[in-house]
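S.K.: Here you go, sequence then predicted model.
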Amino acid sequence: MSRKCFFSFHYVPDCVRASQVRQIGAIEGNPPALDNDWETVVGGGDAAIKKWIAGQMEGKTCAIVLVGENTANRKWINHEIVQAWDRGLGVVGIRIHGLKNFDGNTASQGGNPFDHVIHGTSQKKLSSIVKCYTPSGSDSKERYAWISKNLEAAVEEAIAIRKAN
């Protein structure tokens, strides 16, 4: 079953890696904002960004946080995680630092973004509830294959975790 998902990621360093994951057919993703559209949204300040994020989450069942080297504890990543959780979406992290960018480079593994968000009811770090997967493989191709094979199951598990919490 193809799920409609919201993708959260640090744009500048990870847009190429994120694009690779978004093209996996098991998941229907939100369309990326074109540079001109995004400049318009950002130009409207925080309220415009929050409104845009809320609109992008409409009709989605899961938020997939694509975790790169510098994703953890970014203002808008944290906001997207909180909004997804508060809307009842499944939330899952997939580390993408091992995928190559346009220059053929991978990155170092970054921190877990769910360590920086507190679960309201339990007051524990969301990382104690939400999973953040590190794809196995010795190179970019193997890690992409892992993501392709496991992404749909990770989304389904995230939705089940959210329903239980």
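M.R.: Now that the structure is in, tell me what you want to look at. Numbers count the residues shown, from 1 in each chain.

S.K.: Wasn't residue 19 part of a helix?
M.R.: Yes: the assignment for residue 19 is a helix, going by DSSP: H, G, I helix; E, B strand; the rest coil.

S.K.: What is the neighbour count of it?
M.R.: Residue 19: 17 surrounding residues under other Cβ atoms under 10 Å. The way it works is simple: take the backbone N, C-alpha and C, and place the C-beta from them, glycine included.

S.K.: Make 55 the first number, not 1, from now on.
M.R.: I'll keep to 55 as the first residue from here, and by that count the last item is residue 73.

S.K.: Residue 82 pairs with what?
M.R.: residue 58 (DSSP bridges).

S.K.: What distance do you get for it to residue 180?
M.R.: Distance, residue 82 to residue 180, by Cβ to Cβ, to the nearest Å: 24 Å.

S.K.: Find the centremost residue of this structure, please.
M.R.: residue 119 (1.5 Å; Cα atoms, centre = their mean).

S.K.: Could you pull up phi and psi at that residue?
M.R.: phi -90, psi 110 (degrees, to the nearest 10).

S.K.: Please apply the same query to residue 118.
M.R.: Torsion angles, degrees, to the nearest 10, at residue 118: phi -110, psi 110.

S.K.: quick one: it and residue 148 touch, right?
M.R.: Yes: Residue 118 lies in contact with residue 148 (Cβ atoms under 8 Å); the separation is 6.1 Å.

S.K.: Residue 82 and residue 180 - which one has more neighbours?
M.R.: residue 180 (24 against 13).

S.K.: in the chain, which spans are strands?
M.R.: Using DSSP state E, the strands of the chain run over 57-62, 81-83, 116-121, 144-149, 186-187.

S.K.: which of those strands has the lowest average pLDDT?
M.R.: If you rank those by mean pLDDT, strand 81-83 sits at the bottom with a mean of 72.

S.K.: Residue 97 versus the residue nearest to the centre of the chain, what's the distance?
M.R.: Counting by Cβ to Cβ, the gap from residue 119 to residue 97 is 25 Å.

S.K.: Give me the common contacts of residue 118 and residue 148.
M.R.: Common contact partners of residue 118 and residue 148 (Cβ atoms under 8 Å, 6 or more residues apart in numbering): 75, 205, 208.
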